[in-house]
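Asker: Take this sequence and fold it.
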Amino acid sequence: MKVIAINGSPRKNGNTDFLIQTVFETLQNNDIETETIHLGTKPISGCMGCGKCFENQNLKCIITNDYLNDIFKKMTEADAIILGSPVYFSDVTANMKAIIERTGMLTRANFNILAKKPGASVVAVRRAGAIHSFDTLNHFFLISQMFIVGSSYWSIGIGRQIGDCENDIEGINTMINLGENLVWLLKKINN
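Answerer: Next comes the predicted model:
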C-alpha cells in the first residue's frame, strides 16, 4: 500500500511537512509506503474551465507547462491521499487551491477515479483560519467521493515559525491518531 501527501507549503521542511511526517511515521511503522510531493514555490495554474478534460477523458489536463499531470498520476496510483497546507489568509495556499481545482475536474471528468480512496487533511496554522482551510481540503475529498479520515481532533498543528509545531503536543498526538486511523481503514479496504 502507498500513501502520498501533497504539501502545499512553499516552505521546505516547515510545519506542514513536520505534521505530514508525523502521520507518515505511523504509516511507515505499519509497512505502508509513503511519498511527499512538495509543491514549493513553482507556480501551478488554476483551472481555466475549458472542459477539455471531459472531452478527452485521458487522465490529463491540457495545461502542460506545470507539473499537475504528474501529481494527478500519483494520486490515481496511491491507495490514500493526504493534503496538507499552511493557512494563508484563512485558507489554503494558492498552489494547493490550484491542485484542488484541476485534480477535482480531472477526477470528475474521468469517471470519479479517486472515489472510495481514503483522504486526510493536515493544516498548520499560526492562530486563526485553520477550520476554513481544513474544510477546503475536506470538501475536495467529499466532491471526489472519497472517504475522509478523521482523528481525535481536527488535524491541525499550531505554529508559525519553522519548528513551532514540534512543540504542539496535542497537534502531534492528533497526527499520530490520524495515522493510526488511516492504517486501520487501509487495512480494512485492502483485506
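Asker: Okay, and the beta partners of residue 91?
Answerer: Each beta-bridge partner of residue 91 is listed here, defined by DSSP bridges: residue 88.
Asker: From residue 63, how far off is it?
Answerer: 22 Å (CB to CB, to the nearest Å). Quick note: C-beta positions are derived from backbone N, CA and C, even for glycine.
Asker: And for this protein, the residue most distant from the center?
Answerer: residue 55 (26.7 Å; CA atoms, centre = their mean).
Asker: which secondary structure elements does the strand or helix carrying that residue contact?
Answerer: Per DSSP states H and E, residue 55 falls inside helix 52-56. Helix 52-56 sits against helix 94-109, with contacts defined as 3 or more CB pairs under 8 Å, 6 or more residues apart in numbering; DSSP states H and E.
Asker: helix or strand right after the helix it packs on?
Answerer: Downstream of helix 94-109, the first helix or strand assigned by DSSP H and E is strand 118-125.
Asker: tell me which residues form a beta bridge with the most centrally placed residue in the chain?
Answerer: Computing the C-alpha centroid of the chain and ranking residues by CA atoms, centre = their mean puts residue 83 first, at 1.0 Å. Counting by DSSP bridges, residue 83 is bridged to residue 6, residue 121.
Asker: Show me what counts as buried in the lengthiest helix in the chain.
Answerer: Within the chain, and with DSSP state H defining each element, the longest helix by residue count is helix 169-189. Buried residues in helix 169-189, defined by neighbour count with 16 or more other CB atoms under 10 Å: 171-172, 174-183, 185-186.
Asker: want to throw these into CSV with distance to residue 106?
Answerer: What follows is the buried residues of helix 169-189, written out as CSV (distance: CB to CB, whole Å):
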residue, distance to residue 106
171, 32
172, 34
174, 30
175, 28
176, 32
177, 31
178, 26
179, 27
180, 31
181, 27
182, 23
183, 28
185, 24
186, 23
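Asker: Name the nearest of those residues relative to residue 37.
Answerer: Residue 37 lies nearest to residue 182 out of the buried residues of helix 169-189, by CB to CB, at 17.0 Å.
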